[in-house]
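J.: no sequence for this one, just the structure:
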């Protein structure tokens with residue numbers, strides 16, 4: 001059986017390539033490490049998850065592909081399953097941005113020890129980028145992947161220093177205005193759509209919180225539209 005990745009995982013796999021060892025934190029079905037090893041993009045991998053059920057599924061697929069000698073499964077939370085120097089790259093994908101931040105915070109020595117982190121937060125991307133900027137990490141590459149109407153934001157991160165000079169970089173990606181990814185406009189349109197829902201839900205409401213949300217969303221939409229004009 002040849003593993004076929006989703007567009008999101010294909011982009012993530014491409015970001016991992018270039019190292020010999022990797023760990024997939026929150027591996028779920030284990031498709032990513034299996035694909036990477038099968039296609040000789042990495043030599044060995046660790047697939048970990050906090051729950052027995054998905055890890056059992058991953059172990060079954062690894063066994064079916066006869067890759068038990070190359071991919072090890074581990075039960076545990078975040079980077080706590082890893083030893084210093086054990087892998088060159090770590091993937092944390094398909095989980096919330098706050099959770100990724102907390103997992104990095106919980107094991108700072110391991111996080112700073114790897115050559116690169118490939119992070120794909122499902123939400124709170126801006127919060128995660130702010131954390132990276134202030135905790136000794138630099139984003140060396142940003143990529144986007146699209147599945148249906150969803151655009152996924154993928155960050156390749158390494159230890160180092162990074163300063164974001166444009167406030168919109170927290171929302172649209174580090175140096176988005178220089179990179180101008182082909183899916184950037186699609187991402188902006190999605191973010192505008194989400195903000196418009198906030199406008200609809202808060203318009204005309206008198207509470208201070210609703211008024212603030214309405215004003216912030218209105219300003220954000222205006223800024224996003226300004227970026228679109230420059231694409």
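T.: It's in. Since the structure is predicted, the reported quantities are computational estimates derived from the model, not experimental observations.
J.: ranges for the strands of the protein?
T.: Along the chain, the stretches classed as strands by DSSP state E are 21-25, 44-49, 71-75, 89-95, 116-121, 137-147, 150-159.
J.: any chance of the ones you listed in JSON lines, plus mean pLDDT, mean neighbour count and distance to residue 168?
T.: C-beta coordinates here come from the backbone N, C-alpha and C atoms, glycine included. Putting the strands of the chain into JSON lines (pLDDT from 0 to 100; neighbours: other C-beta atoms under 10 Å; distance: least, C-beta to C-beta, whole Å) gives the following:
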{"stretch": "strand 21-25", "mean pLDDT": "98", "mean neighbour count": "25", "distance to residue 168": "29"}
{"stretch": "strand 44-49", "mean pLDDT": "98", "mean neighbour count": "24", "distance to residue 168": "34"}
{"stretch": "strand 71-75", "mean pLDDT": "97", "mean neighbour count": "18", "distance to residue 168": "38"}
{"stretch": "strand 89-95", "mean pLDDT": "97", "mean neighbour count": "23", "distance to residue 168": "24"}
{"stretch": "strand 116-121", "mean pLDDT": "98", "mean neighbour count": "24", "distance to residue 168": "17"}
{"stretch": "strand 137-147", "mean pLDDT": "97", "mean neighbour count": "18", "distance to residue 168": "13"}
{"stretch": "strand 150-159", "mean pLDDT": "97", "mean neighbour count": "20", "distance to residue 168": "13"}
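J.: now tabulate the ones you listed in JSON lines and tack on distance to residue 171.
T.: Output for the strands of the chain, formatted as JSON lines (distance: least, C-beta to C-beta, whole Å):
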{"stretch": "strand 21-25", "distance to residue 171": "25"}
{"stretch": "strand 44-49", "distance to residue 171": "30"}
{"stretch": "strand 71-75", "distance to residue 171": "34"}
{"stretch": "strand 89-95", "distance to residue 171": "19"}
{"stretch": "strand 116-121", "distance to residue 171": "12"}
{"stretch": "strand 137-147", "distance to residue 171": "12"}
{"stretch": "strand 150-159", "distance to residue 171": "10"}
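J.: quick check: residue 101 touching residue 130?
T.: No - between residue 101 and residue 130 there is no contact, the gap being 9.1 Å when judged by C-beta atoms under 8 Å.
J.: neighbour-wise, which of the two wins?
T.: Between residue 101 and residue 130, counting by other C-beta atoms under 10 Å, residue 101 is the more crowded of the two (20 against 15).
J.: residue 133 versus that one, what's the distance?
T.: 12 Å (C-beta to C-beta, to the nearest Å).
J.: the longest helix along the chain packs against which elements?
T.: Secondary structure of the chain per DSSP state H: the longest helix is helix 208-229. Secondary-structure packing of helix 208-229 (3 or more C-beta pairs under 8 Å, 6 or more residues apart in numbering; DSSP states H and E): helix 184-202.
J.: so what does the helix it packs on touch, helix or strand wise?
T.: strand 137-147, strand 150-159, helix 169-172, helix 208-229.
J.: can you redo those as TSV with distance to residue 121?
T.: Below are these laid out as TSV (distance: least, C-beta to C-beta, whole Å):
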stretch	distance to residue 121
strand 137-147	12
strand 150-159	7
helix 169-172	12
helix 208-229	18
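J.: among those, which is nearest residue 14?
T.: For the helices and strands packed on helix 184-202, the distance to residue 14 is smallest for strand 137-147, at 7.7 Å, taking C-beta to C-beta.
J.: need the residues that contact that closest one.
T.: With contact meaning C-beta atoms under 8 Å, 6 or more residues apart in numbering, strand 137-147 is reached by 6-8, 10-12, 14-15, 111, 116-117, 129, 132, 151-162, 173-176, 179, 181, 183-184, 186-187.
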